[in-house]
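Chemist: model this:
(2 chains)
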Amino acid sequence: MSTDRYRRQTLVKELGQKGQELLATKHAIVIGGGGLGSHSANLLVRMGIGSLDIVDNDTVDITNLHRTSLFTQEDLGKSKAFVLQEKLRAINTEVRVRGINQKVTKENIESLVKNADVIVDGTDSMSLRFIINEVSIKYNIPWVYAGVYETVGMVMGILPKKTPCLQCISQNIPESISGEIPVLGSLPAIIASIQCTETIKLLLGKPLAGLLIYDVWNQCFDTMDIKRNPRCPICGIKKL
Amino acid sequence: MKITVRLFGRYKDITGKDQIKLDISAGNTLRDVVDTFVKQYPVTEKDKSRMMVSKNKMYASFDTTIIEGDEITLSPPVVSGG
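Modeler: As a prediction, the model looks like this:
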C-alpha cells in the first residue's frame, strides 16, 4: 500500500494508519452506478477500499450528466459499469475494481453480494432496496442506504440485527414513486459523501449516526436516533 | 389530547419550528396526528401517505395508538432516487 497516497488521510485520528490498513482489506459492492453510486464508488476507491464491484446494467445517458462527475459526453451510450471500471482503475491502481454490467434481481443478488463486507446502495429503485435489505439481514452483510429526491437526501447505515433496517423505518411507504425522479444536480455528491463516510465507519467497526436527512437547498441537516422495530417482518425478534 | 411533535427535514422550514403542539381532537392514532398536521400545513399534503412517523424513537404504522406524553416525530418520506 502506497504510504504517500493516503498520508494526509492517515493523519486523521478517526482513521489513522491502522484504519487505513484495515480499509485495504475490505470489499464493497456498489449497486447502481448513477448519481449516488458513481460518486460513492469514486470516493471509496480514492480513500483506499481494498476492492470494489460496481453493478449496473444501464448505459450513460445525457440526463445523468447534471448530477455525476465521472461521466462525460464521450461516454454517452456506453455501459455505466464498464465506464466506471475504466475510470476508477485509472484513479487508483491499488484497488481491485470490477464493473458488472448486469441487472440486479432477487434471483442473482445473493451471488453478487456473497463476498462483500458491505453493500453500498446506489440504486434508484425502492423495490430493489427492499431486496438488498432482505439479503443483508439474511447473510449478515451490512449495507448503507442512500436516496435523493428534489433537494433532500437520506442516508442510513444498517448493521443487521443491531441497528434498524430499511423495513423498520418504512412502514408507511407505497411500492415506488412513478415517473422521473427530480434531483438537484448538487445533491448526490453531498449525499454520496455522507454515505461513503458511514460506509467506512461501518467497515472500521465505528458507531453509526442513525438516519441522516439533509436538505441541500435549505442547508438543513438532521440526525434521527431511532430504534429497531422488534416486530419488523425482516429483522425483528418477534416477526409478524 | 394535546401532543408534542418533533419535526425533521423540511417540516422545520415549513412550520418555522423544531417542534409543535397539535391538538388531536378526534382519534388516538398516528394517522390522526398526520391528518391534523396536514390540515394545519396543507403544503405537506403530497407526503401524506408516505410520511415517516415515529413513536418513542421507533417508526410505526399509521394505525399505532398514542397516548399523551408519547414522543412523536414527523419526517418527510424516505427518498428513493439515485
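Chemist: which residues in chain B form strands?
Modeler: Remark: strands assigned in chain B by DSSP state E are B:2-7, B:19-23, B:52-55, B:58-59, B:72-75.
Chemist: longest helix anywhere in chain B?
Modeler: Counting residues, the longest helix found in chain B (DSSP state H) is helix B:30-40.
Chemist: one more: chain A?
Modeler: Under DSSP H, chain A gives helix A:187-203 as its longest helix.
Chemist: ok, now which ones touch residue B:28?
Modeler: Residue B:28 sits next to B:1, B:65-67 when contact means C-beta atoms under 8 Å, 6 or more residues apart in numbering or on different chains. In this view, the C-beta of every residue, glycine as well, is placed from N, C-alpha and C.
Chemist: burial measure for residue A:132, as a count.
Modeler: 26 (other C-beta atoms under 10 Å in any protein chain shown).
Chemist: helices or strands up against the helix or strand in which residue A:133 is found?
Modeler: Secondary structure from DSSP states H and E places residue A:133 in helix A:126-139. Counting contacts by 3 or more C-beta pairs under 8 Å, 6 or more residues apart in numbering or on different chains; DSSP states H and E, helix A:126-139 packs against helix A:109-113, strand A:118-121, strand A:143-149.
Chemist: off-centre distance for it?
Modeler: 13 Å (C-alpha atoms, centre = their mean, to the nearest Å).
Chemist: now that helix: average pLDDT?
Modeler: In this model, helix A:126-139 has an average pLDDT of 95.
Chemist: if we can go back for a sec, relative to residue A:103, which of the strands of chain B is closest?
Modeler: Judged by C-beta to C-beta, the one of the strands of chain B that comes nearest to residue A:103 is strand B:52-55, at 29.0 Å.
Chemist: right, and the helices and strands packed on helix A:126-139 - which one's nearest residue A:49?
Modeler: Closest among those, using C-beta to C-beta: strand A:118-121, at 9.0 Å.
Chemist: elements contacting the closest one?
Modeler: Right, strand A:118-121 is packed against strand A:27-31, helix A:35-47, helix A:126-139, strand A:143-149, helix A:187-203 by 3+ C-beta pairs under 8 Å, 6+ apart.
Chemist: which stretch among those approaches residue A:217 most closely?
Modeler: Among the helices and strands packed on strand A:118-121, the nearest to residue A:217 by C-beta to C-beta is helix A:187-203 (8.7 Å).
Chemist: send me that closest one as CSV with only the CA atoms.
Modeler: The C-alpha coordinates for helix A:187-203 follow below in CSV (Å, rounded to 0.1, in the frame of the first residue of the first chain):
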residue,chain,number,x,y,z
LEU,A,187,-27.3,16.9,-4.1
PRO,A,188,-26.0,13.4,-5.0
ALA,A,189,-22.3,14.3,-4.4
ILE,A,190,-23.1,15.5,-0.9
ILE,A,191,-25.3,12.6,0.0
ALA,A,192,-22.7,10.1,-1.5
SER,A,193,-20.0,11.8,0.6
ILE,A,194,-22.1,11.2,3.7
GLN,A,195,-22.9,7.6,2.5
CYS,A,196,-19.2,6.9,1.9
THR,A,197,-18.2,8.1,5.4
GLU,A,198,-20.9,6.0,7.0
THR,A,199,-19.6,3.0,4.9
ILE,A,200,-16.1,3.5,6.1
LYS,A,201,-17.2,3.9,9.7
LEU,A,202,-19.1,0.7,9.4
LEU,A,203,-16.2,-1.2,7.9
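Chemist: give me the packing partners of the next helix-or-strand element following it, helices and strands only.
Modeler: Downstream of helix A:187-203, the next assigned helix or strand under DSSP H and E is strand A:211-215. Under the contact definition 3+ C-beta pairs under 8 Å, 6+ apart, strand A:211-215 sits against strand A:152-158, helix A:187-203, strand A:220-224.
Chemist: who's in contact with strand A:211-215?
Modeler: Under C-beta under 8 Å, 6+ apart, the answer for strand A:211-215 is A:151-156, A:164, A:169, A:190-191, A:194, A:198, A:220-224, A:226, B:8-10, B:13, B:75-76.
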